[in-house]
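J.: Turn this into a structure:
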Amino acid sequence: MVESINQQPTNESESKDDSRTEAKQTDRLQTGVAGLDSMLLGGIPQNKQVLIAGSPGVGKTLLSFQMLYNCAKAGIPALYITLEEDSADLLKNAKEAFEDFPDIDSLLGNGMLKIIGQGSLPVFLSKGQNANSVLEQMETQMDSIIKNAKPKLVCVDSLSLIKVSFPGEFEYRNALTHLVMDFRRSGITGLFITEMKSSERTALVFEQEFFIFDGILTLYESTKETGRELYMEIVKMRGTKHSRKLAPYDITGSGFKILLDQI
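T.: Model prediction:
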């Protein structure tokens, strides 16, 4: 069950003190997303595996790409693995959305940011294969990708395609558990994108994969008379305190903006 979003301290100085204390105690990977690091009291704890969940159109891919882009700019090697589209398409969409990110190509050129698309991946996602065979292929190929790229932050987009490659829920959960454990052993902070059936927070259902990951970041869409409104929530993040408030956000040419002043 999602905890109440009204349990966060309201005293601003107290919140800042907590953030400084948490930062000293925990090694963090700063996302560079305006407002998000404040909600995380300094950033994502390193080596944690985070699920980014939401319905289509709320910006899951763009948010993940921005995190990787910001980390690459900060000298942290980042890798985006897209199982559903070519790297060229992902890159085109990111550039169109983030027109104020001028150095994407230079980061790709120096290897700090890498994108592996559907066309570059060996085929292991094939429905109907033996589950153990698919799992073995997935682990082997992911291990090879990680060893070659040597990233510290990796995004896997998306889990929905992995799910259809396994005959049942047990096999799918087992595959995710193996993947998460492999990332942890490699010292990688992971972002894993998954689809939610509804864009409304009131309809949030905790699917089985929600319980495997260290953190859950959910993106919601609410349709009102004034138009579409987007909200973000940190449902959980192991190893750190974090904001439990529902935060509105915008997607702009310079990136995501978490509107903390509207909480």
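
J.: Kindly export stretch 100-113 (C-alpha atoms) in CSV.
T.: The C-alpha trace of stretch 100-113 is given here as CSV (Å, rounded to 0.1, in the frame of the first residue of the first chain):
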residue,chain,number,x,y,z
ASP,A,100,18.5,22.6,-24.8
PHE,A,101,20.8,19.6,-24.5
PRO,A,102,23.5,20.7,-26.9
ASP,A,103,26.2,18.1,-26.1
ILE,A,104,24.3,14.8,-26.6
ASP,A,105,26.4,14.0,-29.7
SER,A,106,29.7,14.8,-28.0
LEU,A,107,28.8,12.5,-25.0
LEU,A,108,28.0,9.7,-27.5
GLY,A,109,31.3,10.5,-29.3
ASN,A,110,33.5,10.2,-26.2
GLY,A,111,31.7,7.1,-24.9
MET,A,112,30.3,8.6,-21.7
LEU,A,113,26.8,8.0,-23.0
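
J.: List the buried residues of that stretch.
T.: 101, 104, 107, 112-113 (16 or more other Cβ atoms under 10 Å). Yep, even glycine has a C-beta here, placed from its N, CA and C like the rest.

J.: ditto for stretch 231-249
T.: Within stretch 231-249, the residues scored as buried using 16+ other Cβ under 10 Å are 231-237, 239-249.

J.: for stretch 133-146, same thing?
T.: 134-135, 137-139, 142, 145-146.

J.: With distance to P45, pLDDT and secondary structure added, can I get these in TSV?
T.: Formatted as TSV, the buried residues of stretch 133-146 follow (distance: Cβ to Cβ, whole Å; pLDDT from 0 to 100; DSSP: H, G, I helix; E, B strand; the rest coil):
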residue	distance to P45	pLDDT	secondary structure
V134	31	79	helix
L135	27	82	helix
Q137	31	83	helix
M138	26	83	helix
E139	24	87	helix
M142	22	88	helix
I145	24	90	helix
I146	20	92	helix
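
J.: Go through those and say which is closest to L41.
T.: I146 (28.4 Å; Cβ to Cβ).

J.: need the strands for this structure, in chain order.
T.: With DSSP state E, the ranges of strands along the chain come out as 28-29, 44-45, 49-54, 78-82, 113-116, 153-157, 189-195, 215-224, 227-237, 247-252, 255-258.

J.: Of all those, which one comes closest to T202?
T.: strand 215-224 (9.3 Å).

J.: and that closest one with strand 227-237, angle?
T.: Interaxial angle, strand 215-224 versus strand 227-237 (axes from the mean of the first three to the mean of the last three Cα atoms, to 10 degrees): 160 degrees.

J.: What ranges in the stretch 51-200 of the chain fall below the confidence cut-off?
T.: For the stretch 51-200 of the chain, the stretches with pLDDT under 70 are 121-129.

J.: can you pull out the helices in it?
T.: 60-73, 87-97, 104-109, 131-149, 159-163, 169-185 (DSSP state H, counting those that start in this stretch).

J.: helices or strands up against the second one?
T.: In terms of contacts (3 or more Cβ pairs under 8 Å, 6 or more residues apart in numbering; DSSP states H and E), helix 87-97 is packed against helix 60-73, helix 104-109, strand 113-116.

J.: and these, which is most packed in?
T.: Of all the helices and strands packed on helix 87-97, helix 60-73 carries the top mean neighbour count, a mean of 24, counting by mean count of other Cβ atoms under 10 Å.
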